[in-house]
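A.B. asks: Kindly generate the corresponding structure for this input.
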Amino acid sequence: MLRNITLLILCCLVLNSCSSQSPANTTKITVEENKVVGSTSLQLGIEQTAEYLPLLKGKRVGIVSNQTGMINGKHLLDTLLAMGVNVQCVLAPEHGFRGNADAGAHVSDSVDAKTGVKILSIYGKKKKPSKEIMSTIDVVVFDMQDVGARFYTYISTLHYVMQACAENNKMMVVLDRPNPNGHYVDGPRNDTTSFIGMHPVPVVHGMTIGEYAQMINGEGWLGAGLKCDLKVISMKNYNHQMKYNLPVHPSPNLATMTSIYLYPSLCFFEGTVVSVGRGTDHAFEIYGHPNYADTTYSFTPRSIAGKSMEPPLKGEKCYGKDLSLLNEDTIRAHGLDLSYLLEAYQKTKVKDFFSLSKHFDLLAGSSTLRKQILAGKTEAEIRASWKEDLEKFKVLRAKYLLYE
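C.D. replies: Numbers count the residues shown, from 1 in each chain. This is a model prediction of the structure:
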């Protein structure tokens, strides 16, 4: 009898252990402190309080941050207030201060319910903090988690805030964070000027947001000879090859590490007829269209509050590809993958694949990639056309790197 009870207990322990494990291929982004895989020594810029608190004491402070600005389980705003810092306002980027607004959705001015601090939108028509706002602050602290793709708009917000600081003689402090796609540089160079491409860099720039800020300053991209009084609080024990699992999702539709690794490859679909899974639980992990041929996988976009209320192809059954079960490390190692776009172009049986051609060209940085696809160029031929620009950028990038 005792032997049977012992066996029963052992079986229960094994079953409990198995049921608690997450799927091997997908890392969900949660609010837990989940830092560098295989390392516990990384210290983020936000954790170097001894370096930046002296810059803020006795000053009127503005914060540019969102839900990713966390330190030891507390938001930067709460932390600074607890330390006696005079925080005048929070400047909210795309997706808002709490990160719950759809891509492109209007972000309104408001008041933080927890602290009573004003939240002022710097997204939409007023992307740059006004002279009136800048007159109320002495120092701006910038802390947001970027994902390392040129068309992810947080680096454009960085540009505008740096420009406002330079124009109004204010200091800007950037609290640096890892770039989950910082281990490689790839993609066509940007030759356009828009909020999804403000600088002549490739799609994947391989820099932290602190390094990128230094490049904006150093290359004179603020215009009119402007230089920002910039202080980057760098990380400790970080290098670009580290695999970093984000502790908080950076925006509503990048909810897993798989989606973040796929984002540089799949975001091109946003300029085509193809859905990239907005309106599902697997945005930027799947793609498809009602006319996609030779596949049995399907999904139907729907309204999801806080993610996508009006996703492309809403209510239409889309056929396509499910990449959510691919090995995460394999996707990360492969980097920017054009095969998804090229295959979808062949298999989506519609007349105007590039229905949003102007938007596609802004995502790609010019009309070249679209014209290459229409001309039937192979991935190898397309990549060859990027080579010279990528080599030049890597030389430029090296001047501003803070980490190996």
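A.B. asks: who's in contact with residue 376?
C.D. replies: When contacts are counted by Cβ atoms under 8 Å, 6 or more residues apart in numbering, residue 376 is found next to no other residue. Placement of C-beta: from N, CA and C, glycine included.
A.B. asks: In which helix or strand does it reside?
C.D. replies: With elements delineated by DSSP states H and E, residue 376 resides in a region that no helix or strand encompasses.
A.B. asks: So it versus residue 364, what's the distance?
C.D. replies: 17 Å (Cβ to Cβ, to the nearest Å).
A.B. asks: same deal with residue 58?
C.D. replies: If you measure residue 58 against residue 364 using Cβ to Cβ, the figure is 47 Å.
A.B. asks: between these two, who's got more neighbours?
C.D. replies: Relative neighbour count places residue 364 above the other of residue 58 and residue 364, with 27 against 9, counting by other Cβ atoms under 10 Å.
A.B. asks: Was I right to think the more buried one contacts residue 188?
C.D. replies: Yes. Using Cβ atoms under 8 Å, residue 364 and residue 188 qualify as a contacting pair, with a distance of 5.7 Å.
A.B. asks: and for the two, which residues touch both?
C.D. replies: With contacts taken as Cβ under 8 Å, 6+ apart, residue 364 and residue 188 have residue 203 as neighbours in common.
A.B. asks: SS state for residue 214?
C.D. replies: Here residue 214 is recorded as helix under DSSP: H, G, I helix; E, B strand; the rest coil.
A.B. asks: residues near it, how many?
C.D. replies: Counted with other Cβ under 10 Å, the neighbours of residue 214 add up to 20.
A.B. asks: what's it in contact with, if anything?
C.D. replies: For residue 214, the contact set (Cβ under 8 Å, 6+ apart) comprises 230, 232, 400, 402.
A.B. asks: Now do the same for the third one: its pLDDT.
C.D. replies: Same thing as residue 400. The model reports residue 400 with a pLDDT of 98.
A.B. asks: Likewise for the first one?
C.D. replies: Per-residue confidence for residue 230 comes out at a pLDDT of 98.
A.B. asks: Dig out what it forms beta bridges with.
C.D. replies: Residue 230 has the following beta-bridge partners by DSSP bridges: residue 172.
A.B. asks: Please give me every residue in contact with it.
C.D. replies: Shown in contact with residue 230 (Cβ under 8 Å, 6+ apart): 162, 171-172, 174, 213-214, 217.
A.B. asks: which SSE is residue 180 in?
C.D. replies: Secondary structure assignment for residue 180, by DSSP H and E: no helix or strand.
A.B. asks: how many neighbours does it have?
C.D. replies: Under the criterion other Cβ under 10 Å, the count of neighbours that residue 180 has is 22.
A.B. asks: Tell me if I'm right that it and residue 149 touch.
C.D. replies: No. Counting by Cβ under 8 Å, residue 180 sits too far from residue 149 to count as a contact (10.1 Å).
A.B. asks: tell me the pLDDT at the residue nearest the centre of the chain?
C.D. replies: The residue lying closest to the centre of the chain (Cα atoms, centre = their mean) is residue 147, at 3.3 Å. For residue 147, the model assigns a pLDDT of 98.
A.B. asks: Give me the nearest residue to it, chain neighbours excluded.
C.D. replies: In space, not counting the residues next to it along the chain, residue 147 is nearest to residue 260; the distance is 5.3 Å by Cβ to Cβ, 6 or more residues apart in numbering.
A.B. asks: For residue 306, see how far away that neighbour is.
C.D. replies: Here the criterion is Cβ to Cβ. By it, residue 260 lies 18 Å from residue 306.
A.B. asks: One more: residue 295?
C.D. replies: In this structure, residue 295 and residue 306 are 29 Å apart, going by Cβ to Cβ.
A.B. asks: go on, residue 113?
C.D. replies: Following Cβ to Cβ, the distance that separates residue 113 from residue 306 is 17 Å.
A.B. asks: can you check residue 320 too?
C.D. replies: Residue 320 sits at a distance of 24 Å from residue 306 (criterion: Cβ to Cβ).
A.B. asks: cool, residue 363 as well?
C.D. replies: When residue 363 is compared with residue 306 (using Cβ to Cβ), they lie 24 Å apart.
A.B. asks: Which one's more surrounded, the two?
C.D. replies: Between residue 363 and residue 306, residue 363 has the larger neighbour count (other Cβ under 10 Å), namely 26 against 13.
A.B. asks: Looks to me like the more buried one is in a helix.
C.D. replies: Yes. When classified by three-state DSSP, residue 363 is found to be part of a helix.
A.B. asks: May I ask you to confirm that it is in contact with residue 153?
C.D. replies: No. Assessed by Cβ under 8 Å, residue 363 is found out of contact with residue 153, at 11.9 Å.
A.B. asks: what residues do those two have in common as contacts?
C.D. replies: residue 196.
A.B. asks: Quick check: residue 202 vs residue 387, distance?
C.D. replies: With Cβ to Cβ as the criterion, residue 202 and residue 387 are 11 Å apart.
A.B. asks: Tell me which of these two has more neighbours.
C.D. replies: residue 202 (23 against 9).
A.B. asks: hey, what's the more buried one bridged with?
C.D. replies: Residue 202 has the following beta-bridge partners by DSSP bridges: residue 189.
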